[in-house]
Every structure is written in structure tokens, then in C-alpha cells.
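Chemist: Pasting the sequence and the predicted model now:
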Amino acid sequence: MTEKVVVRIERSHPHRWEEFHVERRPNANVISVLMQIQRNPLTADGQRTSPPSWDAACLEEVCGSCTMNVNGRVRQACSALIDHLEQPITLSPMKKFPLVRDLAVDRQKMFDALKRVRAWIPIDGTYDLGPGPRQAPEDQEINYVLSTCMTCGCCLEVCPQVGESAAFIGAAAISQTRLFNNHPTGRMNASERLRALMPEGGVADCGKAANCVQACPKNIPLTSSIAEMARQTTRQALRDWFFHDESKGSVITVA
Amino acid sequence: MRYDARAMPERYIVVGGGLAGLMTVIKLAEAGKHVDVFSIVPVKRSHSVCAQGGINGAVNTKGEGDHPDIHVKDTLKGGDFLAEQPPVRGMCHAAPQIIYLLDRMGVPFNRTSEGLLDFRRFGGTLHHRTAFAGASTGQQLLYALDEQVRRYESEGLVRKFEYWEYLSFIKDEQGACRGIAAIDLRTMQIEAFAADAVCLATGGPGIVYGRSTNSTINTGSANGRSYMDGAIYANAEFVQVHPTAIPGEDKHRLMSESARGEGGRVWVPKQKGDKRLGREIPENERWYFLEEKYPKYGNLVPRDVGSREIFSVVKDLGMGVGGEDVVYLDVTHIPAATLDRKLGGIMEIYEKFQGVDPRKNPMKIFPAVHYSMGGLWVDYEADGKNDLVPGSPRQQSTNIPGLYATGECDYAYHGANRLGANSLLSCIYAGMIGGPAMISHARNAAPKKGDVPASLLQGAKGQWAERFDKIYKMEGPENPYLIGQQMGELMVKVSTVVKKNPELDDAVVKIQEMKERWKKCSVLDTGRTLNQSATYLNQLWNMLEIAHLNLVASRLRDESRGSHYKPEFVLPKPKTSRPQDDKEFMAAWKARNDKWLKNSMGKWTSQGPSVLFQDLQSLKNPILAPEPRHYD
Ligand SMILES: Cc1cc2nc3c(=O)[nH]c(=O)nc-3n(C[C@H](O)[C@H](O)[C@H](O)COP(=O)(O)OP(=O)(O)OC[C@H]3O[C@@H](n4cnc5c(N)ncnc54)[C@H](O)[C@@H]3O)c2cc1C
Ligand code: SF4
Ligand code: SF4
Ligand code: FES
């Protein structure tokens, strides 16, 4: 075990790589090392530099903020323990999202995708309307896992179908559609969500490479979500084709 | 995201998108109002996601005869009666309905085999009253509200200003709040926004203590700045230390009370410094000190009591595991499948960050700063029967007209100590009554947002631009992050589990020194894109102000109550099993209450905090008369 931690960070404004050496502390993780750098922002060759910018909040892998490429693999920086990483440790921002600065990127498109698939239960109001629908513990257990998605973006970063300009909505939003369609109330609007997944960039664009499921820090069964949503959208498309509803506007054809 | 402030007729601002902020937004949007919500992080990443254990409501599904009135009593007693009573009663009575509402929004609460909501036990009560979604209830609750807000966003009622930081509220000549100044963290642009009413839902100030169980964004900076601008900050000395957290380099990760609610036991080896692994130590060589001392509540005593006992076993008796500052929290006797189903989230946290399987090895834990009971003072209005008046503009209103506060940043619901799983509830409840109160305020207020003079907005914007220009030019020798770390270490040392007057006096001087050192800081970074050092410098000052107030209020309150504990000022133990039967004790207890059962009201002055102790309004006609707090 070396006494110090060697980190190489991909910086922006202007683009460059900087190396830092910091004292090694017990149970350290990538974020605690970045904090050490903040307290003494000197590069390995003794140059003053600005502390790198990054996103983080919870430090316990539940808020989804701190996603970055650590030694070339996308993951949450807060749970990347230094003891488990090969040195020098390289940190670079995610590449499938617009860069803001240094290690921080803009993941707005993921939140927009949630709007597109109407990822909510359309309740009547916040008034006292009694208990919600009964649910079997088995359904709760499936939904609970799906509902732990923290919009971190790991699944998009590794997906060959996702590019900065490509339209593909990504595994996270598809899996959220499954969550809401599997809820007794949410099910009532299932078709709206499915129709949102039909056009270009929807579920049919997935190439089934399954990178996403391996990258997901929350172990969300993304490939089974995608398969399930592909099935549901096909069924929906057929239904729409047979019962073409003029009021809904355009005819939707099977992909 | 620019818009003409005068183009829209009525507009509300909510700062903060945790549970409290989002519930406030929902209440406003549901009434058809336009709302702008500001947050330093995308609201879905707010600190509320960290909450693990659950949310309380006396739904009474376990045949235990639970009732909202018992919840009221547990909450008031848990907080040693330092909370205004009508809002507490309002909250506890709304709790079952709030849980049902969340259920309807799709929160995947754990279920019984009949498909109904399941409830677990938490500290400070003898009932199964806590609804939960695995061990990540806060995440699930926040997502449910986030989804409802996204729905309003897609309908055009809500606009999100994410990666925007609140700098201050804007006051008119009459002293009323007419909008806010904020900075776009990505472009460092400063803007002023007019509003008919503003609500702060900016969470707690855990980072004032450096390392705590809180998210790194919980600086309390917005609260500190609002206090500097005239909002009263009450009961700043009451900060909860949670008994069970994993000590860490960057933060102390919480091991939720639910671990004990599901049967987890706290112990240390009977033999001092025993070097064997926890799992190798036989049952009869373990000291279950909480169970021994508190046979009725056992491991589920309230948090202040639990933290003090652990602290004393380790610090006074030197009985920490292996001579270190830790004790065991043991769930190894619970079947692994049950642990995964009910406590999965926290089992993973321990395994991931400690590299040890807590299903097989007792966990090593120690108390850590967790929650702030104190915060911005807010009003309430109740009728003669102590029921809150629905829609009164006084609910959740700070002393600044037009400025509201909800959630952990308010001081209202938890008195001297918060019960587990009561915070998520208070956040949501405060939002539910705060939103309508803002609407009433806007309806009654004479000046409207439309007539906020442009000069007022320009003035605020100019002032902040000037302040940041000064910050960009700071090039002294001090590093602000280092000062922040030292402030945290100081606060943990003198103002947590045990407080002592000479140490507090010393610390006040040190905080003043840190304020001087702040002026000699370097900005570290002069960039105009996501310059986190510049914004940190601004936050750090506001944190120093909160620390200063906390120390002064702690120093002045010469008693022990809830989380605030001074060994010099402790009531003698009652000599009878019912304290009420010990006349001498009751006389001492009453004398203490006459002097100290008061809110500390912190007012900022340029010379430092001014703290006044003020009677509670509701004790003139209380719902429950205060009684001695004991859990033996
Ligand atoms: C680890 C942990 C576990 C917990 N478990 C439980 C539990 O099981 N049950 C329970 O009842 N309670 C629990 N609590 C307490 C509870 O989680 C918090 O008290 C509660 O979530 C606070 O919610 P909030 O809405 O007030 O603030 P937060 O969720 O902290 O949200 C604050 C918001 O304000 C924004 N903000 C802050 N400053 C600014 C600014 N200057 N400008 C713009 N925006 C700003 C943030 O971006 C954020 O959106 C737990 C706390 C912790 C730390
Ligand atoms: S399975 Fe589909 S979504 Fe997942 S990585 Fe492959 S292409 Fe992307
Ligand atoms: S599905 Fe997994 S990887 Fe994708 S955003 Fe959600 S948590 Fe992250
Ligand atoms: S900081 Fe929240 S996931 Fe890492």
C-alpha cells in the first residue's frame, strides 16, 4: 500500500490533464480525495491550480449526483473506494452528456425523458381520499427495485445507442415506464406511456447490448424492463392499429 | 430561462426541492398558481433521498390501540415540551392521511401479506407507527413528490431553476419580502426575481459540523443568510446527534434507527479492549447496556438518550470496542432474508463502504450529528380549541411578511429532540399548510408582485454582483475549505452530546477568529463557469454565522433538555418510580421549566448574535401539560 494516492483528472476550460498526489487516508473514496484536493489545490509538480469542479451530494450512492468515469469505468465516485482502485486513478467526466466543467455534466435530457414517458401517477388531488390500492408484497418488491433508479446516467453512458445527438431515450426512462405501468393506478394510463416509447428514439432503438444492466449501480433489471416494455409497446401498437381512434390524432404504425 | 417579471399576474417562489419544498410547490400548483422552484441540485437529488427508516403516522393497523393523540404525546414528550403544541397536534392528526396520500402517489411502501401497508417500530414510542419503503423511504417519498411536480411542470405551472442558488430575500421599505436574489451556478449570472410570497425549504445546516450524516449540500447557508437579513432563527442550540452512524472520512453514514426497530441490539464486550471479533464473543460476555438500563424501551430509547449512553460508555468508561470510539450494533441474529427485505438499503451501505457483511458481523457505529431541531422561527394561528386555522396566512410564516419556511429549515415541530421518522412527516405537513398560507398572504397583501419597483430588484442584483466581484478578487493565504473543516471539528468538539460553558466561551472566540481569517481567504478559482470555490466562500460565511449563533445560544441555556446537555445543569434523578410522586424532584423540575421552557430567539446584529428567551405561546392554554420526561 502506497502512502499517497495518485489521481489524474481530466480538466476543462481549457482542456488538460492534471495529476495530484494526496495523503492516503483509511476508507477513502474518490470524493474524499477530491475534498482533500480542494483543501490544498496543488498539482503533483507543485503548481497552484483551481480545485476541480464536480457534482456530489449524498455520499452514499442514493442521490445519483457523482457519476463519472473512474479508471475508465462509469460509476458513482462516492462509492469508489480508493483501496479497491488501481493507481494512478484517472477521473474523467461522462462523455454522453454535455460537459459543464471538469467532472460535471448536464443530465437534463434524462429528466426530460421522464416527462416524455409521463413518469408519474396521475392522482386526483392531495385531499383526503383514503388509502391507495392494495398491492401484493411481490408487486411491491418489483416496483421498489425499479423505483430506486437515481437518474445517475451510468446506463446511458455505456449504451452504444446513446450519443450526444442520438435520439434514443435510454434504459432508465424505459424502466420507469415499466414501474408506472405496473402500478394499479398508473396502469390506467399505460397506453399514453407506451405511445411515448414508440416513435424514433423509443424502445425499439435498443440494440440489446445489455451494457446498461451491468453498469447500473442499483442493480435494476434493465434488460428485463426493456424486454417487458418492448412486449407492451408491440401489443399497444397492434391495439392502436385495430382500434384507430380518430381523436388521438395520428395513426401509429408498428415499428 | 429569462422572463419578464411583470408579464405574469401572480407568482410564488419556493427555494428548495426536498420533501418540504416539493410539497409546498404541489399545494400551490394544485390551487392553479404559478411557482418557480429554485434548487442548487436537481430537486430529485435533494438531501431528502438520504432518509432511510420511514415516516410516522398512527394508522393503528397492528391492534395496539395507537391513536394520533398518542403520537402527539410521544412527539411532545420526546422533544421535552419545547414545541408549540397546536402545530404538533395538527401534524400528528394529518399523518395517517399523509401516508395514504403518498401511497396513492405510488410510493412502494412495504406491504403485509394482505396487501396493506406495513408499519415498523421506531424510537421514543411503544407502537408500530412507521411506514417504510425498504430502507430508502426518503428516496421513495421524494421521488413520488418529484413526479407530481414534474407533472405540473409539464402542464406549465411549475418552472424549475435547478443549479441556481438562493442568495437572499429582497426586502422592501416596509420590511416585507418581495422576491429573491439568486445565482446561476453554471454561468455565475446573478438575477433578482419578484414574487408574491417566498418559501424557504432549504433543509438543515449539518455541514456546519463538517462531517455529519447529511449530504454535502446541507450548508444551511440560505438559512444563515436569511437570519443575517432579519429573520429570527430559533433554538439554534438544539442539534440532534444520532446514536448510530458509521464513522467516515468524508461523512458519517447513518445506520438507521430502523435497524433497532427491526430488533438490532447495541452492545460492547464486557471485557475492556477485548480483541476478539464481535461474532466470536459469546452472549454472556456482552454488555447490552441500553437494554439493561432501559428495560421498557431498550434499544429504542429516544436519540438524545441513546447517544449520551453510547458516548458515556465509550468516553467515560473507556469500554469502546477494541479501545476505539465505536460500539456494536448487532443484527446478526435476524435472518438474512428479513434483513434484505426490510433493511436492504442500509445493509448495502455498510457492506459497500466498510467492506464487511453486517448480516454476519456486528456493525461498528458511533453517534454523529444528524438533524437540526432549531431553524427559522415560524408562526402559527390556532383557534380557541387549539386547532390550526386552515389557510391562515400566519401558518409557517417567518417574522418577515411574505417570507415562509418549511421543512428542516424551520424550528417548529420537534422541540428539544426529534423522534425518528417524524421529520419526513413534518416536512410534508409544513408544505401542506405553508402553501395555502402563502396564497392567503398574497391575497391579503396590499402591494403585489406586479408593482415591485424595478429599482428594488436592480438594487439587490447590483449588491450581490458587487459582493461576488469582491470574492473573485480575494487572494489571501487562507483556504476556505480548510476553515470549513476546522469549523466543523470545533463544533463537533464543543456543541454536540456534552456541552461545557468554558469550552463554549472559548469556541465563540475561535469562531470570531475564523470570521477574521475568512477575510484573508483566496478564492482559489477565478473562472466564471461552475466556480464552486466562489460560491463556497459565500456559503462559508453564512455557516460561520449559524455556528456563532449555535454557540452563543448553547452557552446561554444553562439547563439540560433533549439534545442540549450540560452535566453542570442536570436535574437530580427522581427517587420514586413515578417522578410525579417525588415532591422535591417535582419542585426542581418545575423551577427549571419556569426558567427555561422557552424558545431561544436568535437575532443577528453586527456585533454578534442577540438571543432572547421567549415563552411558548401555546403553554398558556396547552393541549398537554408538560410532564417529566423519563423512559426507564
Ligand atoms: C441519513 C439520514 C437519514 C434520515 N432518515 C430519516 C427517516 O428515516 N425519517 C425521517 O423522518 N427523517 C429522516 N431524516 C431527516 C430527513 O431526511 C430530513 O430532515 C428531511 O429530508 C429534510 O427535508 P427538507 O425538505 O427540509 O430539506 P432537504 O431535503 O435537505 O432539501 C433542501 C433543498 O433545498 C435546496 N437548497 C438548499 N440551499 C439552497 C440555496 N441556497 N439555494 C437554492 N436551493 C437550496 C437543496 O437543493 C434541496 O433541494 C434523515 C436524515 C438523514 C441525514
Ligand atoms: S440493452 Fe439497450 S439500453 Fe441497454 S445498453 Fe444495450 S442498447 Fe443500450
Ligand atoms: S437505471 Fe441504473 S444506471 Fe440507469 S440511471 Fe437508473 S440507477 Fe442509474
Ligand atoms: S454523491 Fe450521491 S450518489 Fe454519489
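Modeler: Structure's in. What do you need? Ligands and ions are numbered 1, 2, ... in the order given.

Chemist: what sits up against whichever helix or strand residue B:468 is part of?
Modeler: Applying DSSP states H and E as the criterion places residue B:468 in helix B:454-472. The contact list for helix B:454-472 (CB atoms under 8 Å, 6 or more residues apart in numbering or on different chains) reads B:5, B:167-168, B:170, B:172, B:178-179, B:181, B:183, B:188, B:190-194, B:523, B:526, B:534, B:537-538. No exception for glycine: its C-beta is placed from N, CA and C like everyone else's.

Chemist: Report the closest residue of chain B relative to ligand 2.
Modeler: Per CB to the nearest ligand atom, residue B:44 is where chain B lies closest to ligand 2, at 20.7 Å.

Chemist: what sits against residue A:176?
Modeler: So, once contact is read as CB under 8 Å, 6+ apart, residue A:176 ends up touching A:114, A:117, A:119, A:146, A:149.

Chemist: mind running it again at 10 Å?
Modeler: A:110, A:113-114, A:117-120, A:146-147, A:149, A:151, A:193, A:220, A:225, A:229, B:143, B:147 (CB atoms under 10 Å, 6 or more residues apart in numbering or on different chains).

Chemist: What about residue B:583, how many residues nearby?
Modeler: 10 (other CB atoms under 10 Å in any protein chain shown).

Chemist: how about it, what does it touch?
Modeler: B:575-576.

Chemist: And the pLDDT at it?
Modeler: pLDDT for residue B:583: 96.

Chemist: Excluding chain neighbours, what is closest to residue B:554?
Modeler: Excluding the flanking residues, the one nearest residue B:554 by CB to CB, 6 or more residues apart in numbering or on different chains is residue B:237, at 4.1 Å.

Chemist: can you count the residues close to the one you found?
Modeler: Using other CB under 10 Å: residue B:237 sits among 27 other residues.

Chemist: shouldn't it be in contact with residue B:564?
Modeler: Yes - under the criterion of CB atoms under 10 Å, residue B:237 makes contact with residue B:564 at 5.2 Å.

Chemist: what touches both of these two?
Modeler: B:373-374, B:416, B:495, B:499, B:553-554, B:557, B:600.

Chemist: Which of the residues you listed sits closest to ligand 1?
Modeler: Looking across these and measuring by CB to the nearest ligand atom, the closest to ligand 1 is residue B:373, at 10.1 Å.

Chemist: so that closest one touches residue B:553, yeah?
Modeler: No - contact criterion CB under 10 Å: residue B:373 and residue B:553 do not qualify, at 11.9 Å.

Chemist: And the residue lying closest to residue B:228 once chain neighbours are set aside, what's its pLDDT?
Modeler: Spatially, and ignoring its direct neighbours in sequence, residue B:228 is nearest to residue B:604 (4.8 Å; CB to CB, 6+ apart). On the pLDDT scale, residue B:604 is placed at 98.

Chemist: Do I have it right that residue B:604 meets residue B:223?
Modeler: No - Residue B:604 lies out of contact with residue B:223 (CB under 10 Å); the separation is 11.6 Å.

Chemist: So the two - more neighbours on which side?
Modeler: Per other CB under 10 Å, whichever of residue B:604 and residue B:223 has more neighbours is residue B:223, with 30 against 21.

Chemist: follow-up on the earlier one: mark which of the contacts of helix B:454-472 are part of helices, please.
Modeler: B:534, B:537-538 (DSSP state H).

Chemist: What is the nearest of those residues to residue B:28?
Modeler: Nearest to residue B:28 among the ones in helices among the contacts of helix B:454-472 is residue B:538, at 28.1 Å by CB to CB.

Chemist: Tell me, how many residues neighbour the closest one?
Modeler: 20.

Chemist: I'd like to know how far it sits from chain A.
Modeler: From residue B:538 over to chain A the distance is 16 Å, taken as CB to the nearest CB, to the nearest Å.

Chemist: got the contact list for that residue?
Modeler: Applying CB under 10 Å, 6+ apart, the residues contacting residue B:538 are B:165, B:167, B:183, B:219, B:221, B:225, B:464, B:467-468, B:471, B:480.

Chemist: Please parse the chain into its domains.
Modeler: Just going to use chain A. If you go by automatic domain parsing, the domain ranges for chain A are A:4-105, A:108-245.

Chemist: nope, chain B
Modeler: According to automatic domain parsing, the ranges for chain B are B:11-238+B:373-632, B:244-366.

Chemist: Out of these, which one sits most buried?
Modeler: Mean neighbour count, computed with mean count of other CB atoms under 10 Å in any protein chain shown, is highest for domain B:11-238+B:373-632 among these, reaching a mean of 21.

Chemist: That one close to ligand 4?
Modeler: No - figure legend: domain B:11-238+B:373-632 not in contact with ligand 4 (CB under 6 Å from any ligand atom); closest approach 7.0 Å.

Chemist: Can you give me the pLDDT of the residue in the stretch 151-255 of chain A positioned nearest to ligand 1?
Modeler: With CB to the nearest ligand atom, the shortest gap between the stretch 151-255 of chain A and ligand 1 falls at residue A:151, namely 14.4 Å. Looking at residue A:151, its pLDDT reads 98.

Chemist: Then the one 3 residues further on?
Modeler: The predicted local confidence for residue A:154 comes out at a pLDDT of 98.

Chemist: repeat for residue B:340
Modeler: Looking at residue B:340, its pLDDT is 91.

Chemist: list the contacts for it?
Modeler: Contacts of residue B:340 by CB under 10 Å, 6+ apart are B:134-135, B:347-348, B:359.

Chemist: okay if I get those as a markdown table plus distance to residue B:628?
Modeler: Shown next, in a markdown table, are the contacts of residue B:340 (distance: CB to CB, whole Å):
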| residue | distance to residue B:628 |
| --- | --- |
| B:134 | 37 |
| B:135 | 34 |
| B:347 | 38 |
| B:348 | 41 |
| B:359 | 40 |
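
Chemist: Chain A next: which of those are close?
Modeler: Filtering the contacts of residue B:340 for proximity to chain A by CB under 10 Å from any CB of the partner chain leaves B:134, B:348.

Chemist: just the contacts of residue B:340 now: which is nearest ligand 3?
Modeler: residue B:348 (13.4 Å).

Chemist: Next SSE downstream of the one helix or strand the closest one maps to?
Modeler: Taking DSSP H and E as the definition, residue B:348 sits inside helix B:336-354. Note on helix B:336-354: by DSSP H and E, the next helix or strand toward the C-terminus is strand B:363-372.
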